[in-house]
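Colleague: test case, fold it:
(2 chains)
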Amino acid sequence: MRIAHAGDPNSGKTTLFNAITGKIEHVGNWPGVTIAKKEGDVRKALNREGGMIRVVDLPGAYSLSPFTTEESITSEFVRNEKPDVIINIVDATNLSRSLFFTTQLLELSIPVVVALNKSDLLDKKGIVINREVLAKKLGCPVVETASTKGHGLPELIEQARIVYGDKQTAPFTGLSSSNKDQAVDDKVKHERFTFVEGLVKDVETRKVASIKQTRQDAADRVVAHRILGIPIFAAVIYFVFSLSQTYLGPPLADYLVSWIDSFYEYIGGLMGADVSPILSSLLLDGIIGGVGAVMGFLPLIMVLFFLLALLEDSGYMARVAVVMDRHLKRVGLSGRSIIPMVIGTGCAIPGVMATRTIRDDRQRRTTAMLTPFMPCGAKLPIIALFAGVFFGDAAWVGTSMYFVAILIIVISALIVQRITNNGPAESYFIMELPDYRLPSLKRATVSMFSRAKAFIIRAATIILLCNAAVHLMQTFTWSFQVVEPGMEGTSILATIASPFAFLLIPLGFGAWQLAAAAIAGLIAKENVVGALAVVYGITNFIDTEELALLSGAGEVAEVMGLTSVAALAYLVFNLFTPPCFAAIGAMNAEMDSRNWLWAGIGLQFGVGYTVAYFVYQVGTLITTGSFGTGVIPGLLGVALIAGVIVYLVRRNDHKSRVELKEAV
Amino acid sequence: MLTNFIVVLIIAAIVAGAAAKMIIDRIKGAPCAGCPYSGLDNQSCQCTEHSARTI
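Modeller: Residues are numbered from 1 along each chain as shown, chains lettered A, B, ... in the order given. A predicted model of the protein is given here:
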């Protein structure tokens, strides 16, 4: 038997799907988290009768008339693939909005079971729903569920089994809504809304009038305020980074790093002096050291993931989307562009994929191009490394990176708007604000461990392989001779990275080791940390005092040959140049245009280079009173980037003038 | 000599294991190993659904 989960956005479909199947799909307390269908089998504990019951979780939809891409996935699935049963997840606290879709589903000749989800919140909100009357009026079973607590799930599956093969009668008997005539279609919609209103009046009693301002509304007036919302967001992110990188994270990381160090020493001792130094170094410095350096940041990242999951679950991130929406619209982006960018803070790939919900080609491509600027989970170890080593675990470093990213997105969107010669597009973004709720520690913990597991797997696979490759390339020359002491510049790695390092001199980090790490970051961003560990022979980035002792340098900055300003420039360069290859692949898929893809990669390189240049040169001027090395060549490079942009803008201005003349 | 051989075997096993995990995940549809958004099968991976836009 195949059951489809369908319902309005943010009605709790994926939470219910996870509870029924035991899967850990990403959930969020805001609409639009699910953009594609997912499948899983009902847990044995809920499937008492045996036999396989497959559940398909569909993206949220308000109706069967698709307005967005994810709505069309839902619509097409239930119409064409004909599941055996539909479980229609209805937000019990918002019945009037949800039943429109229910009445449409009941017309498909597929048995429907209505899950009155979030029913645990009814008492709190002073809402009473007569379930029996609702079931009678709809002509299908209605089961009260609370997916977050697992209530009502056995009954829900049981009812799905009972209705399997049944013929249900649709309660709404208006005209067919598939009519192509817009006027008739509107009339049908109006009739259906009237029918739903009447239905809700008969089954629902509310103690609180919906027009009355609630405490949530009052909170939203401040939190989602167009001006106040931004400093509040800054304060929240600062608090999150303070906890993860200054207070909670480092002590936890110290424990893990001391274990990694012990393991390193244990393996070193086990091998003894008999093993070839090349093999010993590959295993210890290349594999254990490189992976260990990345793994050392796991506790910091876990704390950060946990806090971000709490924020998302509380309903706050939906408010951030509303605050940012108005600013993005002004620079020619869609209101929906904010959703991929918020998702992109976890990982750029699903963030870029989420752009498919944007209908306008130009807006979708621009959003796909700009989403990778948001610092994703893989970039967090780089932020943590530089904030820890060069800025004493200061929380402002991480916080400012998010705001620099937003600023870059706004400026880049303006540039793209000018180049593509499009004014601010009229777009309507209606986002239903979910209720604030006390975030679930359990959900945040599950989310944290899920992402931590992913981090560990990446460290043990792609990072490990890259670190081993970097180590081998650093150990050998092109003629496969071991690099002589003092001749490190002859290694394969150094000869490959040196030309790039030359270009990076005006940015303050012209060492081939740093260039090699930045290149390795294109494979996976965590690689920057791993590669730095390998090329500098460091296993411990967490305890900076120990690092200084190990390296024999008076100051940590000397180990990498970077000033604090150059370190900040290196950080922004790695954060704002193109993302990893997997994310570039996602950009390619969503942009559906090679020109846009290459333009996007060019823009990302240009932005990363320019921002890093100004951070280093201006920062050096402020701290030392004079510009840093390579100010003029760097300025020429930046001028070249600016020149290309100006040329493209003018070319498009000219093109539009010609088109206008022809039209006249 | 024997210890060197054992270390080579260990390194080869580690590298082969890491590569195998990546290849298996790739076959199962994950764009990158360990992607938290990609589940373990094609059906549940949002990242690999480069489906044609239907609108």
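Colleague: in the stretch 51-200 of chain A, what residue lies closest to chain B?
Modeller: A:S72 (4.5 Å; CB to the nearest CB). (Glycine included, C-beta is placed from N, CA and C.)
Colleague: element containing that residue?
Modeller: A:S72 belongs to helix A:69-76 when assigned by DSSP states H and E.
Colleague: so for the very next helix or strand once past that helix, what gets flagged as buried?
Modeller: As assigned by DSSP H and E, the chain's next helix or strand after helix A:69-76 is strand A:85-91. Within strand A:85-91, the residues that count as buried by 16 or more other CB atoms under 10 Å in any protein chain shown are A:V85, A:I86, A:I87, A:N88, A:I89, A:V90, A:D91.
Colleague: so what sits opposite the fourth one in the bridge?
Modeller: Going back to what we said before, that points to A:N88. A:A6, A:V114 (DSSP bridges).
Colleague: pretty sure it contacts A:P111?
Modeller: No. Between A:N88 and A:P111 there is no contact under CB atoms under 8 Å: 10.6 Å.
Colleague: quick one: whatever helix or strand A:I622 lives in to chain centroid distance?
Modeller: Using DSSP H and E, A:I622 sits in helix A:594-624. In terms of CA atoms, centre = their mean, to the nearest Å, the centre of helix A:594-624 is set 23 Å apart from its chain centre.
Colleague: pLDDT (mean, whole number) over the helix holding A:S72?
Modeller: Averaged across helix A:69-76, pLDDT comes to 74.
Colleague: now do stretch A:380-397
Modeller: Stretch A:380-397 comes out with an average pLDDT of 87.
Colleague: next, the buried residues of it.
Modeller: Across stretch A:380-397, burial judged by 16+ other CB under 10 Å covers A:380-391, A:393-395, A:397.
Colleague: swap in stretch A:654-664?
Modeller: For stretch A:654-664, a neighbour-count test (16+ other CB under 10 Å) marks nothing as buried.
Colleague: same deal with stretch A:5-25?
Modeller: Those would be A:5-21, A:23, A:25, for stretch A:5-25 by 16+ other CB under 10 Å.
Colleague: average pLDDT across that stretch?
Modeller: On average, stretch A:5-25 scores 83.
Colleague: same question for stretch A:498-514.
Modeller: On average, the pLDDT along stretch A:498-514 is 93.
Colleague: touching that stretch from outside, list them.
Modeller: With CB atoms under 8 Å, 6 or more residues apart in numbering or on different chains as the test, stretch A:498-514 has contacts from A:489, A:493-494, A:497, A:515, A:518-519, A:532, A:535-536, A:560-563, A:565-566, A:569-570, A:573, A:609, A:612-613, A:616-617, A:620, A:628-631, A:633-635, A:637.
Colleague: how far does that stretch sit from the chain's center?
Modeller: Using CA atoms, centre = their mean, the distance from the centre of stretch A:498-514 to the centre of the chain it belongs to is 30 Å.
Colleague: one more: stretch A:106-115?
Modeller: That offset, for stretch A:106-115, works out to 34 Å (CA atoms, centre = their mean).
Colleague: compute the first-to-last residue distance for it.
Modeller: 14 Å (CA to CA, to the nearest Å).
Colleague: same question for stretch A:479-496.
Modeller: 14 Å.
Colleague: pull out the buried positions in that stretch.
Modeller: In terms of neighbour count (16+ other CB under 10 Å), stretch A:479-496 has its buried residues at A:V483, A:S491, A:I492, A:L493, A:A494.
Colleague: reformat these as a markdown table; add distance to A:G229 and secondary structure.
Modeller: Shown next, in a markdown table, are the buried residues of stretch A:479-496 (distance: CB to CB, whole Å; DSSP: H, G, I helix; E, B strand; the rest coil):
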| residue | distance to A:G229 | secondary structure |
| --- | --- | --- |
| A:V483 | 55 | coil |
| A:S491 | 51 | strand |
| A:I492 | 51 | helix |
| A:L493 | 47 | helix |
| A:A494 | 49 | helix |
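Colleague: wait, which of these is closest to A:V257?
Modeller: Among the buried residues of stretch A:479-496, A:L493 lies closest to A:V257 (CB to CB), at 25.6 Å.
Colleague: which ones are touching that closest one?
Modeller: Residues in contact with A:L493 (CB under 8 Å, 6+ apart) are A:V470, A:M473, A:Q474, A:W512, A:A516, A:V535.
Colleague: what strand or helix carries the fifth one?
Modeller: Per DSSP H and E, A:A516 falls inside helix A:512-520.
Colleague: that helix: what's the following helix or strand?
Modeller: Toward the C-terminus, helix A:512-520 is succeeded by helix A:527-536 as the next helix or strand (DSSP H and E).
Colleague: tell me the buried residues in that following helix?
Modeller: For helix A:527-536, a neighbour-count test (16+ other CB under 10 Å) marks A:N527, A:V528, A:V529, A:G530, A:A531, A:L532, A:A533, A:V534, A:V535, A:Y536 as buried.
Colleague: returning to that earlier point: now the helix holding A:A516 against helix A:527-536, angle please.
Modeller: Counting by axes from the mean of the first three to the mean of the last three CA atoms, to 10 degrees, helix A:512-520 lies at 150 degrees to helix A:527-536.
Colleague: using CSV, write out every CA atom in helix A:512-520.
Modeller: The C-alpha trace of helix A:512-520 is given here as CSV (Å, rounded to 0.1, in the frame of the first residue of the first chain):
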residue,chain,number,x,y,z
TRP,A,512,52.0,28.7,-1.7
GLN,A,513,50.7,26.8,1.4
LEU,A,514,47.8,29.2,1.8
ALA,A,515,47.0,29.1,-1.9
ALA,A,516,47.1,25.3,-1.9
ALA,A,517,44.7,25.2,1.0
ALA,A,518,42.3,27.7,-0.8
ILE,A,519,42.4,25.5,-3.9
ALA,A,520,41.7,22.4,-1.8
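Colleague: weed out the non-buried ones from the contacts of stretch A:498-514.
Modeller: Among the contacts of stretch A:498-514, the ones that count as buried by 16+ other CB under 10 Å are A:493-494, A:497, A:515, A:518-519, A:532, A:535-536, A:560, A:562-563, A:565-566, A:569-570, A:573, A:609, A:612-613, A:616-617, A:620, A:628, A:630-631, A:634, A:637.
Colleague: would CSV of the buried residues of helix A:527-536 with distance to chain B and pLDDT be doable?
Modeller: Listed next are the buried residues of helix A:527-536 as CSV, based on distance: CB to the nearest CB, whole Å; pLDDT from 0 to 100:
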residue, distance to chain B, pLDDT
A:N527, 12, 87
A:V528, 16, 91
A:V529, 16, 89
A:G530, 13, 87
A:A531, 16, 89
A:L532, 20, 89
A:A533, 17, 85
A:V534, 15, 86
A:V535, 19, 86
A:Y536, 21, 83
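Colleague: mind putting these in JSON lines, distance to A:D186 included?
Modeller: Formatted as JSON lines, the buried residues of helix A:527-536 follow (distance: CB to CB, whole Å):
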{"residue": "A:N527", "distance to A:D186": "55"}
{"residue": "A:V528", "distance to A:D186": "55"}
{"residue": "A:V529", "distance to A:D186": "57"}
{"residue": "A:G530", "distance to A:D186": "59"}
{"residue": "A:A531", "distance to A:D186": "60"}
{"residue": "A:L532", "distance to A:D186": "61"}
{"residue": "A:A533", "distance to A:D186": "63"}
{"residue": "A:V534", "distance to A:D186": "65"}
{"residue": "A:V535", "distance to A:D186": "66"}
{"residue": "A:Y536", "distance to A:D186": "67"}
